[in-house]
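In: Provided below are the primary sequence and the corresponding predicted coordinates.
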Amino acid sequence: MADDSESLLWARRVSGAQYLSAWRIIEQAPPLLQDSLVARYCRIAGPERRIYDAGDGRVGDSFMDAFTDLRRIGHALREVRPTRAFDDDELEELADLAARHCMSEPSLQAAQAYALGQGVRLPTGPRVSAKGLRRRLISPDWWRRRLRTMLTRRAEELFRRLGEVRKQTSAYISGDALHRIRQAAFKSRLWLSEMAAVCEETGESLRLSDIAEHSLANPTLRRGELMLRARGFQEVAEVLGHRCLMVTATCPSAFHAWRSDGQPNPVYNGSTPREAQRWLSKQWARVRATLQRRRVTYYGIRASEPHHDGTPHWHLVIYAPASELFRVRIIMRKAWLSEYADEPGALKHRIRFTAENASKGSGAAYIAKYVAKNIDGAGDIGNERSDESGRLISDDAQRAVAWARLHGIRQFQQLRGPSVTLWRELRRVRQRCDCPPLEALRATTDETPEHAPSWSEFIGELGGIDHCLKRSRELFDKREPRRTDDAGRIVIKLTRWGELPTPIVVGLKLVYRDRIHRLPTHVFVWVLIFSPLGPVAITVRGPTYGSPFGWTNPQESSQAPPSS
């Protein structure tokens with residue numbers, strides 16, 4: 001904090017007690033926020049004390065207005081506790097207290113009421129049992145994860161309301177949150193470097209950091225897969241004669257906390273980025289339902305990225321028959337203007353359409369820009385300046401990724417098309433399959449000197465764009481994770497909360513010539529061990545029941561030990 005902060009506060013005091021109170025509030029704020037609070041206090045107070053008519057017979061005082069505003073912020077800081085969000089010691093203490101409190105409650109209903117009162121959401125679903133809920137509520141680990149997510153998002157929303165998330169200060173995400181997320185990423189990399197995955201059948205050991213480097217956790221591989229799918233959709237459209245529509249869809253002005261000129265938005269409704277994302281998803285759900293009722297063929301990719309104040313907006317590439325593009329426009333415009341339609345500029349700015357133009361690039365090239373902007377800023381686009389922040393896009397990419405992680409917003413989503421999980425499962429398999437339909441499907445994902453993986457061929461083998469989604473879901477072979485008990489019996493492996501696990505994919509199955517053919521994609525069991533000194537070897541046991549509850553790498557085959 002600046003050295004003259006104390007003198008600024010002293011010059012704008014009403015009394016010595018007020019000065020001390022203001023100073024205590026500012027000292028309790030996170031370090032990166034303290035200078036901003038002093039500047040805000042001085043801006044409201046003004047260079048000189050101003051007494052004015054506040055209406056209704058009240059007399060206003062600019063110095064008192066500044067102190068009242070600071071007290072309000074101090075109350076919010078005590079409520080959201082931003083300094084605790086990424087402090088492991090503080091979080092563990094809070095989690096232990098919450099778990100002990102729930103343990104002391106006389107009933108499950110009382111413990112649930114306590115959790116809801118703390119702002120923590122409880123899991124729901126057909127497999128969630130009362131016994132599982134009780135185990136969660138008395139677990140410090142469960143509380144620590146929930147509290148970290150809740151406190152971090154509350155703190156970031158407070159920073160956003162105070163103007164710490166905008167183009168003029170820190171675009172997309174506050175400086176405090178970015179600093180803490182970088183610390184968490186460093187701790188995660190350190191943990192990966194000290195852990196190893198060991199195959200129980202072969203004894204092979206791989207360091208988790210090396211595994212992550214060759215998985216979709218690597219931004220380069222993630223970007224490559226997204227672009228492979230984008231090109232594949234474009235190839236399908238070229239074969240079918242479909243056209244591309246590029247769409248930019250935004251939230252109403254009421255969801256934006258700050259205007260682009262750095263001034264507070266007078267019509268802001270107090271919504272969070274997650275609530276804005278839900279609004280966009282709701283409008284798209286309406287569009288999707290209407291297109292389905294009218295049997296319109298469409299497919300593509302959607303990218304979600306932040307405005308300068310953290311409010312999300314979407315970029316979509318939609319392929320459809322040329323005769324249906326006008327209908328898609330009408331349906332989307334109607335959905336996006338179904339709410340807040342009377343806002344100034346809504347008709348012009350709420351949703352914008354761009355038709356495909358060969359001279360300006362394809363739909364895949366359009367979405368490539370936003371893929372790079374929101375993953376790693378690679379390529380020529382990284383040297384351009386962002387319209388939102390004014391900084392180089394290569395510098396903004398890390399902020400965009402941190403924004404998505406902080407608010408739990410999905411950055412990219414496929415619109416229709418086949419299951420991506422099926423594609424990734426087939427990518428594990430390197431050996432040929434004796435079932436011709438499965439082998440033809442596997443060959444589209446295989447990478448050899450003569451053939452590159454092809455998303456469009458993959459769609460073709462699944463029956464085309466209109467049938468590939470249903471067909472791909474029918475091919476999954478699922479079962480509950482199993483384990484071998486002390487008596488040597490194979491039993492279902494319950495979750496740590498004592499509940500039945502959700503069936504997970506263990507391979508593919510297909511009925512061919514009156515026989516069920518199976519293609520296992522998860523055979524070996526991998527366990528995690530702490531290995532700070534490097535990969536280790538373990539004693540290999542006898543043959544065990546192949547199970548998918550160990551680690552597997554989507555870029556490697558799990559039918560044979562992955563090579564380092």
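Out: Nice, thanks for sending it over.
In: got a list of what residue 352 touches?
Out: 247-248 (C-beta atoms under 8 Å, 6 or more residues apart in numbering). All C-beta spots, glycine's among them, are computed from the backbone N, C-alpha and C.
In: ok, now how distant is it from residue 314?
Out: Counting by C-beta to C-beta, to the nearest Å, the separation of residue 352 from residue 314 is 11 Å.
In: and for residue 115?
Out: In terms of C-beta to C-beta, residue 115 sits 33 Å off from residue 314.
In: now stretch 513-532: buried residues?
Out: 517, 519-526, 531 (16 or more other C-beta atoms under 10 Å).
In: quick check, nearest of those residues to residue 38?
Out: residue 531 (48.6 Å; C-beta to C-beta).
In: hey, where'd the helices end up in the stretch 301-450 of the chain?
Out: Using DSSP state H, counting those that start in this stretch, the helices assigned to the stretch 301-450 of the chain run over residues 325-336, 346-349, 363-373, 393-407, 420-427, 436-445.
In: out of those, the one nearest residue 4 is which?
Out: Here helix 393-407 is closest among the helices of the stretch 301-450 of the chain (C-beta to C-beta), at 30.3 Å.
In: how about stretch 174-192 as CSV, C-alpha atoms only?
Out: Coordinates of the C-alpha atoms in stretch 174-192 are reproduced here as CSV (Å, rounded to 0.1, in the frame of the first residue of the first chain):
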residue,chain,number,x,y,z
SER,A,174,-9.1,-9.9,-10.3
GLY,A,175,-5.4,-9.6,-9.7
ASP,A,176,-5.8,-11.3,-6.3
ALA,A,177,-7.7,-14.3,-7.7
LEU,A,178,-5.2,-14.7,-10.6
HIS,A,179,-2.3,-14.6,-8.1
ARG,A,180,-4.0,-17.3,-5.9
ILE,A,181,-4.8,-19.5,-8.9
ARG,A,182,-1.2,-19.3,-10.1
GLN,A,183,-0.2,-20.5,-6.6
ALA,A,184,-2.6,-23.3,-6.8
ALA,A,185,-1.3,-24.3,-10.2
PHE,A,186,2.2,-24.3,-8.9
LYS,A,187,1.2,-26.6,-6.0
SER,A,188,-0.6,-28.9,-8.4
ARG,A,189,2.5,-29.2,-10.6
LEU,A,190,4.6,-29.9,-7.5
TRP,A,191,2.1,-32.7,-6.5
LEU,A,192,2.2,-34.2,-10.0
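In: please point out which parts of that stretch sit buried.
Out: Quick answer for stretch 174-192 (16+ other C-beta under 10 Å): 174-181, 184, 192.
In: looking at those residues, which are in helices?
Out: 175-181, 184, 192 (DSSP state H).
In: how about JSON lines for the helices of the stretch 301-450 of the chain, with mean neighbour count added?
Out: Converted to JSON lines, those look like this (neighbours: other C-beta atoms under 10 Å):
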{"stretch": "helix 325-336", "mean neighbour count": "18"}
{"stretch": "helix 346-349", "mean neighbour count": "12"}
{"stretch": "helix 363-373", "mean neighbour count": "22"}
{"stretch": "helix 393-407", "mean neighbour count": "21"}
{"stretch": "helix 420-427", "mean neighbour count": "20"}
{"stretch": "helix 436-445", "mean neighbour count": "18"}
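In: out of those helices, which is closest to residue 209?
Out: Between these, helix 393-407 lies closest to residue 209; by C-beta to C-beta that is 18.7 Å.
In: pLDDT weak spots in the stretch 51-200 of the chain?
Out: Within the stretch 51-200 of the chain, not a single segment meets pLDDT under 70.
In: look up phi and psi at residue 272.
Out: phi -90, psi 170 (degrees, to the nearest 10).
In: picking that back up, just the closest of the ones in helices among the buried residues of stretch 174-192 to residue 78, please.
Out: residue 176 (16.5 Å).
In: look up how far residue 95 lies from that closest one.
Out: 22 Å.
In: and residue 85, how far is that from residue 521?
Out: 39 Å.
In: can you lay out the buried residues of stretch 174-192 as a markdown table showing distance to residue 387?
Out: Putting the buried residues of stretch 174-192 into a markdown table (distance: C-beta to C-beta, whole Å) gives the following:
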| residue | distance to residue 387 |
| --- | --- |
| 174 | 20 |
| 175 | 21 |
| 176 | 25 |
| 177 | 22 |
| 178 | 20 |
| 179 | 25 |
| 180 | 27 |
| 181 | 24 |
| 184 | 29 |
| 192 | 35 |
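In: what is the burial count for residue 320?
Out: When neighbours are counted by other C-beta atoms under 10 Å, residue 320 registers 22.
In: grab the nearest non-local neighbour of it.
Out: Residue nearest to residue 320 in three dimensions, not counting chain neighbours: residue 298, with 4.5 Å by C-beta to C-beta, 6 or more residues apart in numbering.
In: from what I can see residue 495 touches residue 480, true?
Out: No. When contacts are counted by C-beta atoms under 8 Å, residue 495 is not listed as touching residue 480 (10.2 Å).
In: could you name every residue contacting both of these two?
Out: Joint contacts of residue 495 and residue 480 (C-beta under 8 Å, 6+ apart) are residue 501.
In: which one of those two has more residues nearby?
Out: Per other C-beta under 10 Å, whichever of residue 495 and residue 480 has more neighbours is residue 480, with 17 against 13.
In: mind checking how far the more buried one is from residue 219?
Out: For residue 480 relative to residue 219 (C-beta to C-beta), the value is 34 Å.
In: same deal with residue 93?
Out: From residue 93 to residue 219 the distance is 35 Å (C-beta to C-beta).
In: one more: residue 166?
Out: For residue 166 relative to residue 219 (C-beta to C-beta), the value is 26 Å.
In: more neighbours, these two?
Out: Ranked by neighbour count (other C-beta under 10 Å), residue 166 and residue 219 place residue 166 first, with 26 against 16.
In: what sits closest to the more buried one if chain neighbours are left out?
Out: residue 258 (4.3 Å).
In: surely residue 108 is in contact with residue 129?
Out: No. Look at residue 108 against residue 129 with C-beta under 8 Å: they stay out of range, at 10.7 Å.
In: check contacts around residue 157.
Out: Per C-beta under 8 Å, 6+ apart, neighbours of residue 157: 80, 272.
In: packing partners of the helix or strand hosting residue 94?
Out: Using DSSP states H and E, residue 94 falls within helix 88-104. Other helices and strands packing on helix 88-104, by 3 or more C-beta pairs under 8 Å, 6 or more residues apart in numbering; DSSP states H and E, are helix 108-117, helix 140-161.
In: most tightly surrounded among these?
Out: helix 140-161 (a mean of 20; mean count of other C-beta atoms under 10 Å).
In: got the CA positions of that one in CSV?
Out: Only the C-alpha atoms of helix 140-161 are listed here, as CSV (Å, rounded to 0.1, in the frame of the first residue of the first chain):
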residue,chain,number,x,y,z
PRO,A,140,-13.2,-32.3,6.6
ASP,A,141,-12.0,-33.2,3.1
TRP,A,142,-15.5,-32.7,1.7
TRP,A,143,-16.0,-29.4,3.5
ARG,A,144,-12.6,-28.1,2.5
ARG,A,145,-13.3,-28.5,-1.2
ARG,A,146,-16.8,-27.0,-0.9
LEU,A,147,-15.6,-24.1,1.2
ARG,A,148,-12.7,-23.3,-1.2
THR,A,149,-15.0,-23.1,-4.2
MET,A,150,-17.7,-21.1,-2.3
LEU,A,151,-15.3,-18.6,-0.7
THR,A,152,-13.3,-18.0,-3.8
ARG,A,153,-16.3,-17.2,-5.9
ARG,A,154,-17.8,-15.0,-3.3
ALA,A,155,-14.6,-13.1,-3.0
GLU,A,156,-14.2,-12.7,-6.7
GLU,A,157,-17.8,-11.4,-7.0
LEU,A,158,-17.0,-8.8,-4.3
PHE,A,159,-13.9,-7.7,-6.2
ARG,A,160,-15.9,-7.5,-9.4
ARG,A,161,-18.5,-5.2,-7.7
